[in-house]
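> Okay, sequence plus prediction incoming.
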Amino acid sequence: TGEINILDIGTGSGVIAITLKELNKNYNITATDISKKTLKIAKKNAKKHNQEINFVNTNLYQGINKKFDCIISNPPYISKNEKIMDIVYNNEPHLALFADNNGLYFYEEIIKNAKNILKDKYLICFEIGESEAKSVTSYAHKYLDNPTVIVKKDLEKRDRMIFIHNFE
């Protein structure tokens with residue numbers, strides 16, 4: 001079916017982009033992150049796994065000017081006033097954990113501006129916090145034309161993934 005263009009926003013260590021590329025060599029993956037330090041790690045990881053990924057140091061869509069079939073993101077989604085486990089708080093970069101608007105900032109920003117870089121038929125995939133499915137679903141319906149929204153649970157039966165698309 002040809003090449004599939006995927007944008008991984010906030011790639012972090014690159015694990016999602018690298019795994020997708022290992023699954024299918026036809027995936028053309030652009031992985032972005034605001035942190036240069038983090039992208040260095042992601043590039044090293046991709047090289048270790050012999051995966052060709054286009055890494056871009058940017059914030060959300062800035063400087064991205066091509067069309068994608070799919071957007072994937074595991075953005076920061078913890079509310080700044082939410083209590084989290086010490087092991088996470090003390091060992092993860094806070095830039096990768098916390099978001100404004102009760103943890104919803106990046107979901108709204110990504111969805112609000114998605115039309116500019118998505119092809120006519122698209123898929124958006126997010127990891128979400130367990131209480132965020134309703135809000136993310138409402139953003140999809142607010143900013144996208146007639147999307148289908150599917151929420152999936154993790155092994156502990158908590159809402160954890162959301163898929164937004166417009167194809168049958």
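Okay, I see it. Numbers count the residues shown, from 1 in each chain.
> ok, how many other residues are close to the residue nearest to Glu109 when sequence neighbours are not counted?
Of all residues not flanking Glu109 in the chain, Leu60 sits nearest, at 5.8 Å (C-beta to C-beta, 6 or more residues apart in numbering). Using the backbone N, CA and C atoms, a C-beta is placed for each residue, glycine as well. When neighbours are counted by other C-beta atoms under 10 Å, Leu60 registers 17.
> And Gly10, by the same measure?
22.
> Which phi and psi values does it adopt?
phi 70, psi 50 (degrees, to the nearest 10).
> quick one: the residue minimising distance to the centre of the chain from Glu22, how far?
In the chain, the residue lying closest to the centroid (C-alpha atoms, centre = their mean) is Ser73, at 0.5 Å. The gap separating Ser73 from Glu22 is 19 Å, by C-beta to C-beta, to the nearest Å.
> cool, His141 as well?
Distance, His141 to Glu22, by C-beta to C-beta: 34 Å.
> Same check on Tyr143?
For Tyr143 relative to Glu22 (C-beta to C-beta), the value is 32 Å.
> Between the two, point out the one with more neighbours.
Between Tyr143 and Glu22, counted using other C-beta under 10 Å, Tyr143 has the larger neighbour count: 16 against 12.
> OK, contacts around the more buried one?
Ile111, Lys112, Ala114, Lys115 (C-beta atoms under 8 Å, 6 or more residues apart in numbering).
> residue contacts, the last one?
Under the criterion of C-beta under 8 Å, 6+ apart, the neighbours of Lys115 are Tyr143, Leu144.
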